[in-house]
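K.L.:
Need the 3D shape of this:
(2 chains)
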Protein chains: 2
Amino acid sequence: MRHSFLRTVVVLILATAALPLRAADPLPSWNEGAAKRSVLDFVARVTREGTKDYVPPAERIAVFDNDGTLWCENPVPFQLAFALDSLKKKVAESPELKDDPAVKAALAGDVPALVEDHYKNLLRVVALTHSGMTTEAFDAEVHDWIRTARHPRFDRPYSECIYQPMLEVLTYLRAQGFKTYIVSGGGADFMRVWSEGVYGIPPEQVVGSYSRVKFEWRGDKPVLVKTLESLYVDDKEGKPPAIHEFIGRRPVMCFGNSDGDKAMLEYTTVGNPRPSFGLIVHHTDAEREYAYDAKPKSSGKLVEALADAPKRSWTVVRMKDDWKEVFPPAKESK
Amino acid sequence: MRHSFLRTVVVLILATAALPLRAADPLPSWNEGAAKRSVLDFVARVTREGTKDYVPPAERIAVFDNDGTLWCENPVPFQLAFALDSLKKKVAESPELKDDPAVKAALAGDVPALVEDHYKNLLRVVALTHSGMTTEAFDAEVHDWIRTARHPRFDRPYSECIYQPMLEVLTYLRAQGFKTYIVSGGGADFMRVWSEGVYGIPPEQVVGSYSRVKFEWRGDKPVLVKTLESLYVDDKEGKPPAIHEFIGRRPVMCFGNSDGDKAMLEYTTVGNPRPSFGLIVHHTDAEREYAYDAKPKSSGKLVEALADAPKRSWTVVRMKDDWKEVFPPAKESK
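P.N.:
Residues are numbered from 1 along each chain as shown, chains lettered A, B, ... in the order given. As a prediction, the model looks like this:
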């Protein structure tokens, strides 16, 4: 009897403690509307135990594209900005690099040439600036860059040009037992340096483009040296295989913003035995961010996935209308 | 005041509930001795907050080889037993396969030919029996096999020929905030089907050998089809790169049993800025399991890693002496 009383006390305390959390809006930077409601409704539906739509926590996998979905991809994809800064240093050290067509395009600031053929030259520049050093040296370089470089238009660190509404989705999903993954065409090694601090996504939940590292000894210590071998581009039809390779489970939620995300949206939502959810961020806000779809100035072409959205029941977020805020409040300046 | 009283009650209840857990031996199947003590001491050392050796939970990555470390690898590696069963079906369907040297070796039961050159023919057989079908069809085949096939000597399912003392280590580490990973030469797709049920290790924490899957449509549904392309053998010097690729963090604990694990033991423990721990399971128990090192009948050659153990301060488990039990109690028979 006494035991039962104590239990009741405990239950009451816990219930009271939980109340304010329940009442708060988990997505305060979203305007009320169909997009916001679709996220909340789906999560409520699949987390309600004892129903046919219930998805056990182990299977609550949510995948997010990065460029244009979690952070901005203009005026150039941010990893390209990093690569350009890094490339300038490399070329000073190895002048023969100047004859490489990708390097020429990069140094000339020829963005269309860099992003054409689905980022071929861009990825070559990335590879050139991302190999030959140990993983530790590369991490240090990225860390230094992300700490110091600033976005040319928004004049804040690139790591703060992230979408506040999407941060709220990440936090909300994790609170509801989801594992949040990045599945991006960007380099895994590049993103893993800052993904935990910026998005709360640990390195092991970052899937990206990658090339081999090589185990070798330098003096009496083993190191991993980045190479250009076996480059895997985690984009378009490459995304579902990467999800399989790295996660080994089919996601139930997928967030993207371009035709590069179409295949993983399909893999997530078409024929999935579990309930599933797809969302496309449509950049419609030239004033607060950028407006683009069919003819982006940088990356992020969005035509086919947008056309398929209605028949696939994918949510389309219209940035201008659906987001109350775009970026998080600025931190104190440098 | 009332609130403070309730808090006290809650704290007392929680404390009382936790006591029996604290007092229990987390490794009851280990005999008292240096091996058991080394595991407990290391974990205690790195989980004590406010000390220089403290490792934050996010960095508590522990990697485990599978064959010979978590489960038995005799008389043949279990995935080979699966592949042989599967191969018989394939050859009946496609008789031209009989001319393949790997298939010949497999059907002749020529184990040395299969495992020579670090499993080359074995992996070829694996590839042959592991491609052309969708990932879903393959999963179903593995699931069926693991449910029905039995170990020839122990007459129990292969999934019960696992080491009880290592299961306890897995459970203990997870309770102490570690993420436990498999890093094995075995096929990732093969292990992921049963790793969660057998070891409590979810698919996304299974790193293994793999080859590409291909995204394609079959009718109105997207599928992933297993191919033989880009086979990556996650063994020896391939293990640290795979750890980097899949986990993106350097482990602090590493468990292996053969020279195939030497590189990942080194990567974990040599020059790691964090405290680190390496352990080798030495198979010394012909009576309860098997005894082998320099000349294994199947896989699991252990010479170099064993020789290096003293200078690297790796714990060496002598199965016969250090383990009170080898396998978990038998479940009810078929």
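K.L.:
Output stretch A:88-102 as CSV, nothing but the C-alphas.
P.N.:
C-alpha atoms of stretch A:88-102 as CSV (Å, rounded to 0.1, in the frame of the first residue of the first chain):
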residue,chain,number,x,y,z
LYS,A,88,44.4,28.7,-53.4
LYS,A,89,46.8,27.4,-50.9
LYS,A,90,47.4,24.1,-52.8
VAL,A,91,48.1,25.9,-56.1
ALA,A,92,50.6,28.1,-54.4
GLU,A,93,52.4,24.9,-53.3
SER,A,94,52.0,22.9,-56.6
PRO,A,95,51.7,25.3,-59.6
GLU,A,96,51.2,22.4,-62.1
LEU,A,97,47.7,22.1,-60.7
LYS,A,98,46.8,25.2,-62.7
ASP,A,99,46.5,23.1,-65.9
ASP,A,100,43.7,20.9,-64.5
PRO,A,101,40.4,21.9,-66.2
ALA,A,102,38.6,21.7,-62.8
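K.L.:
Please identify the buried residues of it?
P.N.:
Within stretch A:88-102, the residues scored as buried using 16 or more other CB atoms under 10 Å in any protein chain shown are A:90, A:91, A:97, A:100, A:102. (Glycine included, C-beta is placed from N, CA and C.)
K.L.:
which one of the residues you listed is nearest residue A:74?
P.N.:
Closest approach between the buried residues of stretch A:88-102 and residue A:74, by CB to CB: residue A:102, at 20.7 Å.
K.L.:
need the next SSE after the one helix or strand that closest one maps to, C-terminal direction.
P.N.:
In this structure, residue A:102 sits in helix A:101-107 according to DSSP states H and E. Sequence-wise, the next helix or strand downstream of helix A:101-107 (DSSP H and E) is helix A:111-129.
K.L.:
What is the distance between that following helix and the centre of its chain?
P.N.:
19 Å (CA atoms, centre = their mean, to the nearest Å).
K.L.:
how near is residue A:302 to residue A:316?
P.N.:
Distance from residue A:302 to residue A:316, counting by CB to CB, to the nearest Å: 10 Å.
K.L.:
between the buried residues of stretch A:88-102, which is closest to chain B?
P.N.:
The closest of the buried residues of stretch A:88-102 to chain B turns out to be residue A:90 (CB to the nearest CB; 22.1 Å).
K.L.:
tell me the contacts of the closest one?
P.N.:
A:97, A:128, A:129 (CB atoms under 8 Å, 6 or more residues apart in numbering or on different chains).
K.L.:
change it to 6 Å
P.N.:
residue A:129 (CB atoms under 6 Å, 6 or more residues apart in numbering or on different chains).
K.L.:
Could you check how far it is from residue A:132?
P.N.:
The gap separating residue A:90 from residue A:132 is 9 Å, by CB to CB.
K.L.:
Equivalent analysis for residue A:233, please.
P.N.:
Relative to residue A:132, residue A:233 is positioned 20 Å away (CB to CB).
K.L.:
Compare these two (neighbour count), which wins?
P.N.:
Neighbours were counted for residue A:233 and for residue A:132 using other CB atoms under 10 Å in any protein chain shown; residue A:233 has more, 18 against 14.
K.L.:
helix, strand or coil for the closest residue to the more buried one other than its chain neighbours?
P.N.:
Excluding the flanking residues, the one nearest residue A:233 by CB to CB, 6 or more residues apart in numbering or on different chains is residue A:209, at 5.1 Å. Classification of residue A:209 by DSSP: H, G, I helix; E, B strand; the rest coil places it in strand.
K.L.:
For residue A:209, name its beta-bridge partners.
P.N.:
The partner list for residue A:209 in beta bridges (DSSP bridges) reads residue A:187.
K.L.:
Quick one: name the residues of the stretch 151-300 of chain A near chain B.
P.N.:
By CB under 6 Å from any CB of the partner chain, the part of the stretch 151-300 of chain A that sits against chain B consists of A:192, A:203-204, A:210, A:213, A:215, A:221-222, A:224, A:237, A:240-241, A:244-245, A:247-249, A:263, A:266-267, A:270-271.
K.L.:
Report the contact partners of the spatially most central residue of chain A.
P.N.:
Nearest to the geometric centre of chain A sits residue A:66, at 2.4 Å (CA atoms, centre = their mean). Going by CB under 6 Å, 6+ apart, residue A:66 touches A:182, A:184, A:186.
K.L.:
just these: which has the poorest pLDDT?
P.N.:
In terms of pLDDT, the lowest of the contacts of residue A:66 is residue A:186, showing 94.
K.L.:
so who does residue A:172 touch?
P.N.:
Taking CB under 6 Å, 6+ apart, we find residue A:172 in contact with residue A:26.
K.L.:
do the same with residue A:161
P.N.:
If you count contacts by CB under 6 Å, 6+ apart, residue A:161 has them with A:71, A:72, A:151, A:154.
K.L.:
Check residue A:185 too.
P.N.:
With contacts defined as CB under 6 Å, 6+ apart, residue A:185 is in contact with A:209, A:234, A:235.
K.L.:
Adding pLDDT and neighbour count, write those residues out as CSV.
P.N.:
Shown next, in CSV, are those (pLDDT from 0 to 100; neighbours: other CB atoms under 10 Å in any protein chain shown):
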residue, pLDDT, neighbour count
A:209, 94, 25
A:234, 95, 25
A:235, 96, 25
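K.L.:
got a pLDDT number for the residue nearest to the centre of chain A?
P.N.:
98.
K.L.:
mind listing the strands for chain A?
P.N.:
Ranges of strands in chain A, per DSSP state E, are A:61-64, A:179-187, A:206-209, A:213-218, A:221-226, A:253-256, A:277-284, A:291-292, A:315-318.
K.L.:
So residue A:84 versus residue A:91, what's the distance?
P.N.:
Distance from residue A:84 to residue A:91, by CB to CB: 10 Å.
K.L.:
whoops, I mixed them up, residue A:30
P.N.:
Distance of residue A:30 to residue A:91, computed by CB to CB: 44 Å.
K.L.:
Filter the residues of the stretch 151-300 of chain A next to chain B down to just the ones in helices.
P.N.:
Judged by DSSP state H, these include A:192, A:240, A:241, A:244, A:245, A:263, A:266, A:267 as members of helices.
K.L.:
Touching, the second one and residue A:267? I think so.
P.N.:
Meaning residue A:240. Yes: using CB atoms under 6 Å, residue A:240 is in contact with residue A:267, at 3.9 Å.
K.L.:
one step back: out of the ones in helices among the residues of the stretch 151-300 of chain A next to chain B, who's nearest residue B:140?
P.N.:
Nearest member of those to residue B:140, counting by CB to CB, is residue A:244, at 15.5 Å.
K.L.:
tell me, how many neighbours does that closest one end up with?
P.N.:
Counted with other CB under 10 Å, residues neighbouring residue A:244 total 23.
K.L.:
Tell me if I'm right that it and residue B:222 touch.
P.N.:
No: applying CB under 6 Å as the test, residue A:244 and residue B:222 come out as separate, 11.5 Å apart.
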